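J.: Quick one, what's the 3D model for this:
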Amino acid sequence: MDEKTQFLLNRMIHPEEKEAYRFADQLGEILTEESAQAMIDLIKGDDWEKGYLASRAMSQSNYSQAGLNATIDAIFDKKNKSIQGAFTQILERYELEDKFVDILRIYLFGNFKASQLAETYLNEVEFDISPRTIRKAEKHWKHYLHNPEDEGSVEIKKRFVEPMLQEIKDLFFD
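T.: Numbers count the residues shown, from 1 in each chain. Next comes the predicted model:
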């Protein structure tokens, strides 16, 4: 890693840095393959705040797709259950058009904050949908119905998901 990249990385992850977001944004502009891998390692690491900043940096780089995939993996990592909302919030900085199924999974299986943010993305993002995407979404929906983490939220989620899936299917299969 070059000297400037290392400097920005060190400033970004320093626990007392008040402008860590600014350093993350600057770092994102100059990421190389090597430094992008370092960001992915931070996203998957044990310190969620460093992972959040690393994801922010990745979102502005040429490696944003790898950052998006690592961030979604972090959301579904069981160790991050209590902080899923933070990682879900950073998704707003990424292009989510190809991630309908992942966003639906976050809505269904995420904690309260993650679920609410995912619902917003489902309502606002124009996703690229294919018949295969619909089948995958229905598979996760059926899995959720048979394995809900919170029995009380099934009806609420049913009122949101079933009309949405039906509307998407009507577009393809009418």
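
J.: what's the least confident helix or strand in the chain by mean pLDDT in contact with?
T.: The weakest-scoring helix or strand in the chain, judged by mean pLDDT, DSSP states H and E, is helix 154-173 (a mean of 93). Contact partners of helix 154-173, identified using CB atoms under 8 Å, 6 or more residues apart in numbering, comprise 104, 107-108, 119, 122, 129, 131, 134, 137-138, 141, 144-145, 148. (Glycine included, C-beta is placed from N, CA and C.)

J.: Same question for stretch 3-20.
T.: The contact list for stretch 3-20 (CB under 8 Å, 6+ apart) reads 1, 23-24, 26-27, 30-32, 35, 38, 42, 50, 53-54, 57.

J.: Filter the contacts of helix 154-173 down to the buried ones.
T.: Listed as buried from these are Leu104, Tyr107, Leu108, Glu119, Leu122, Ile129, Ile134, Ala137, Glu138, Trp141, Tyr144; burial here means 16 or more other CB atoms under 10 Å.

J.: rewinding a little: now the least confident helix or strand of the chain, how far from the centre of its chain.
T.: Its chain's average C-alpha position is 22 Å from that of helix 154-173, according to CA atoms, centre = their mean, to the nearest Å.

J.: quick one: low-confidence ranges for this structure?
T.: Along the chain, the model assigns pLDDT under 70 to residues 174.

J.: all helices of it, in order?
T.: For the chain, applying DSSP state H gives helices covering 3-13, 20-29, 33-43, 48-59, 64-76, 84-90, 100-109, 112-124, 131-146, 154-173.

J.: Lys99 versus Glu3, what's the distance?
T.: Distance from Glu3 to Lys99, counting by CB to CB, to the nearest Å: 35 Å.

J.: Could you check which of the two has the larger neighbour count?
T.: Higher neighbour count among Glu3 and Lys99: Lys99, with 21 against 7, using other CB atoms under 10 Å.
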